[in-house]
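Chemist: the sequence and its predicted three-dimensional model are supplied below.
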Amino acid sequence: LAAWIAAHDRTVASMLVKADPGALLTIPAAYPSHVRRELCRSLLEMFRGGRLSPHTFSDRQYRGLRHDQMHLDLGLVLGDRAAPLVARIEAARMAGACRVAGLGGKLLSIAVDSNENVSLRVVAIEGIQAIGQSGPLGEVARLAVEPIETDVDNEIKGKALEAAWPNHLSTAEVLGALTPRSTNHIGGAYWSFLAHDLPEKLPPSDIPLVLDWAMRQPESENLVHPVPEMIDSVFALALRHLDNLSVLTAMARAVYARGLLDYGFGARIGNSTFLAELQKNESARRRLVERLLDMLSPNNLTDRRGLYPIRELLVSESAGWLLSFSQTTVSATAKIAAVRLAAQVLDPRDVDAYDSLYRAVTSDAGVDQSLVPLFSGIRLDSEYAAGQREEHRLTIKRSRGEQTEELDVRKAIHSALERFEGGDIDAFWQLNRFMSVEGGVYRHECGADLRRFPGWRVINDSSRILAACFTYIRQGNPQPEKWVGKTNCRFFPAAAG
C-alpha cells in the first residue's frame, strides 16, 4: 500500500527512500529520476550495512532504478574492494539489469581479475552479457577457453561460454575448451550451458562439427552429466536437418560410433530425446538408416555387433522398406545388411512381411544365404537342437524339484546376451530367466528389477544388459493373446518386459 501511495505522492516516496527503500521496489512504478537515484543509493547502503540479504530483489525490480548518474553510484561500490561482497554483487546485478553501458569496462576488470571472488566474477560476466558491448564480450571469451585455477566448479567458464558464444566464440573453440565437470550434480552455469544453451542454440551449419566431436568421446558410462544428454539432444536436433548431406553423413557416423560404444541409445540417461524424436519422424528414420547401410563395409557384416547400432533405430514397421531398399541398392553389403535387419525386426504375425523376406532370401543370389535356415527345418543333430534339448531336460528336473547346479549362470547369461545383440530378440527373456537362478533353481523370475536378481551379482556386463533392457521394451512382443485371461499361465517373454 505504501509503495502504491508513493507512486502517486513524491513526499511519501522521499520518506520511504530513507525509511524503507525496499518497499518501493515491491510494485512496478515510475518514480522521478532524483527519487530513483536516492533509492539506488539507499539500497546500496543497506547492502553495505548487512540490512538486506543478497538476491532480495529480482532483475525486473532493479530495472526500475535506472537513472542518468547510475554509473557513478554503482561504480563507487564496484571499485571498492573493501566493500562487503554482497554490496558489490548487488551493484553488479543492478548494472546488468539496467544495462549501464558506462560500467562495461569496470565489470570486465572484475571478471578477469583472478584475485576477485568467483561469485562476483560470475555476476560481472552476467552484467557484461546484458549490456552487450562487443569489446568486453570479446575479452570475456578468453575466460571460456583459458584454464582458471580458482574456478573449481567451472562457473566462470560456464558464464563466459554463455556470454561469448556464438558471436564472439566459434563452436569449434567451444568444443576445444570443454573440460570434464568435477561432479554429476545438476545445476550451475557450466551444466546449464552444456545441457541447454549449446544444443538449443546450435546453428545448423555447426551440427556436423558437434557430431564429429560426439563420435570421438568415450562411452557414456565414463562421461559426466550432462554430456550424454547434450549428445542425445544434438542427435535429436540433427534429425530435423537430414536434408543437408553434411549433417546426414556426420549423423550416420556419430550414431554408429555411439551405438557401438554405449550398446544402444538412452541407457545412460533414461529418457532419450533422440529416440523420442525418431518415433515421431519415420522419414528421418528411413533416411538415416539408409545412409548407414550405404556406409557399411563387409567387415561390419562379419563383426558380431556390426549391425547392432542400426537395429536399435528400427521398429517392426521398418521391415517393409528395408526389404524394398534391399532390392534397389547397388551395394552388396547394404543389400545383405538390410535383409538381415528386416529379419530381426519384422513382426512374426505379419504374414506379408514374412512372405517378402522369404522371396528376398530364396530368390536373390546376392542376399546372405545364412538367413535361409529361417525357412527351413531344424536339424536334430544341430547345436541349436542340442541347446533346446538341454533346456527341456533342465525344465523337467525343475518340475520335479531337482537341483540343476550344472548350469553355469554367468556363461548362460553371457551367451544369451550375445545372441540378443546378434538379433535374437527372444534371447532376452531367456537371459532374464538365467538371471533368476539361485542354488541351481530358477527363482524370482517375474521380478521387476534385474539388479535384485541373483545373477546380477555374478555378471560383468551390466551396461550391456541395461541397454538390452531398453531394446527389449521397445522391440519385444508381449503376445497378450497367449496369456491374458488365462489361469496358471506364466508367459516369460511378457514377464521379462
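Modeler: Good, I have the coordinates.
Chemist: contacts, neighbours, all on C-alpha from now
Modeler: OK.
Chemist: for the helix or strand containing Ala353, buried residues please.
Modeler: Assessed by DSSP states H and E, Ala353 sits inside helix 351-363. Applying a neighbour-count criterion of 16 or more other C-alpha atoms under 10 Å, one finds Ala353, Tyr354, Leu357, Tyr358, Ala360, Val361 buried in helix 351-363.
Chemist: I figured Pro228 hits Gln217, correct?
Modeler: No. Between Pro228 and Gln217 there is no contact, the gap being 9.7 Å when judged by C-alpha atoms under 8 Å.
Chemist: which one's more surrounded, those two?
Modeler: Counted by other C-alpha atoms under 10 Å, Pro228 and Gln217 do not tie: Pro228 has more neighbours, with 23 against 17.
Chemist: tell me the pLDDT at the residue nearest the centre of the chain?
Modeler: In the chain, the centroid-proximal residue (C-alpha atoms, centre = their mean) is Glu229; its distance is 1.4 Å. With respect to pLDDT, Glu229 scores 86.
Chemist: for the host helix or strand of Glu229, C-alpha coordinates in PDB please.
Modeler: Using DSSP H and E, Glu229 falls within helix 227-239. This file holds the C-alpha atoms of helix 227-239, laid out as PDB (Å, rounded to 0.1, in the frame of the first residue of the first chain):
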ATOM      1  CA  VAL A 227      27.500 -34.500 -21.700                       C
ATOM      2  CA  PRO A 228      25.500 -37.700 -22.600                       C
ATOM      3  CA  GLU A 229      22.300 -35.700 -22.500                       C
ATOM      4  CA  MET A 230      23.900 -33.000 -24.700                       C
ATOM      5  CA  ILE A 231      25.000 -35.500 -27.300                       C
ATOM      6  CA  ASP A 232      21.500 -37.000 -27.300                       C
ATOM      7  CA  SER A 233      19.900 -33.600 -27.700                       C
ATOM      8  CA  VAL A 234      22.200 -32.800 -30.700                       C
ATOM      9  CA  PHE A 235      21.200 -36.100 -32.300                       C
ATOM     10  CA  ALA A 236      17.600 -35.000 -31.900                       C
ATOM     11  CA  LEU A 237      18.400 -31.600 -33.400                       C
ATOM     12  CA  ALA A 238      20.200 -33.300 -36.400                       C
ATOM     13  CA  LEU A 239      17.100 -35.300 -37.300                       C
END
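Chemist: report the rounded mean pLDDT for the following helix or strand past it.
Modeler: Counting by DSSP H and E, the next helix or strand C-terminal to helix 227-239 is helix 245-262. The pLDDT scores in helix 245-262 average 91.
Chemist: and helix 245-262 with helix 227-239, angle?
Modeler: With axes from the mean of the first three to the mean of the last three C-alpha atoms, to 10 degrees applied, the angle from helix 245-262 to helix 227-239 works out at 150 degrees.
Chemist: now helix 245-262: how far from the chain's centre is it?
Modeler: Distance of helix 245-262 from the chain centroid (C-alpha atoms, centre = their mean, to the nearest Å) equals 15 Å.
Chemist: which elements pack onto that helix?
Modeler: Secondary structure elements in contact with helix 245-262, counted by 3 or more C-alpha pairs under 8 Å, 6 or more residues apart in numbering; DSSP states H and E, are helix 207-215, helix 227-239, helix 282-295, helix 308-311, helix 462-475.
Chemist: go through those and name the closest to Ile128.
Modeler: Ile128 lies closest to helix 227-239 among the helices and strands packed on helix 245-262, at 26.3 Å (C-alpha to C-alpha).
Chemist: circling back: average pLDDT for the helix holding Ala353, rounded please.
Modeler: For helix 351-363, mean pLDDT is 79.
Chemist: then stretch 300-313?
Modeler: 85.
Chemist: what's the end-to-end length of that stretch?
Modeler: End-to-end span of stretch 300-313 (C-alpha to C-alpha, to the nearest Å): 17 Å.
Chemist: one more: stretch 162-176?
Modeler: Stretch 162-176: ends 15 Å apart by C-alpha to C-alpha.
Chemist: now that stretch, how far from the chain's geometric center?
Modeler: Computed by C-alpha atoms, centre = their mean, the chain-centroid distance of stretch 162-176 equals 20 Å.
Chemist: neighbouring contacts of that stretch?
Modeler: Applying C-alpha atoms under 8 Å, 6 or more residues apart in numbering, the external contacts of stretch 162-176 come out as 125-126, 128-129, 137-138, 140-141, 144-145, 161, 193, 197, 206, 209-210, 213.
Chemist: redo that, cut-off 6 Å
Modeler: Under the criterion C-alpha atoms under 6 Å, 6 or more residues apart in numbering, residues Gln129, Leu137, Gly138, Ala141 lie in contact with stretch 162-176.
Chemist: same question for stretch 337-351.
Modeler: By C-alpha under 6 Å, 6+ apart, stretch 337-351 touches Ser316, Ala319, Leu322, Leu323, Ser326, Gly423.
Chemist: give the buried residues for that stretch.
Modeler: Going by 16+ other C-alpha under 10 Å, stretch 337-351 has these buried residues: Ala337, Ala338, Val339, Arg340, Leu341, Ala342, Ala343, Gln344, Val345, Leu346, Asp347.
Chemist: list the contacts of Pro226.
Modeler: Shown in contact with Pro226 (C-alpha under 6 Å, 6+ apart): Ala195.
Chemist: separation between it and Trp191?
Modeler: Plainly put, Pro226 is 6 Å away from Trp191 if you go by C-alpha to C-alpha.
Chemist: repeat for Thr471
Modeler: 29 Å.
Chemist: before we move on, back to that, how far out from the middle of the chain is the helix holding Ala353?
Modeler: The chain centre lies 38 Å from the centre of helix 351-363; the measure is C-alpha atoms, centre = their mean.
Chemist: show the average pLDDT along the next helix or strand after that helix.
Modeler: Counting by DSSP H and E, the next helix or strand C-terminal to helix 351-363 is helix 383-399. For helix 383-399, the mean pLDDT works out to 71.
Chemist: tell me how far helix 383-399 lies from the chain's centre.
Modeler: The answer for helix 383-399 is 43 Å, by C-alpha atoms, centre = their mean.
Chemist: what's the following helix or strand after that helix?
Modeler: helix 409-421.
Chemist: list the buried residues in that next one.
Modeler: Neighbour-count burial for helix 409-421 [16+ other C-alpha under 10 Å]: Val409, Arg410, Ala412, Ile413, His414, Ala416, Leu417, Glu418, Arg419, Phe420, Glu421.
Chemist: helices or strands up against it?
Modeler: Judged by 3 or more C-alpha pairs under 6 Å, 6 or more residues apart in numbering; DSSP states H and E, helix 409-421 is in contact with helix 427-435.
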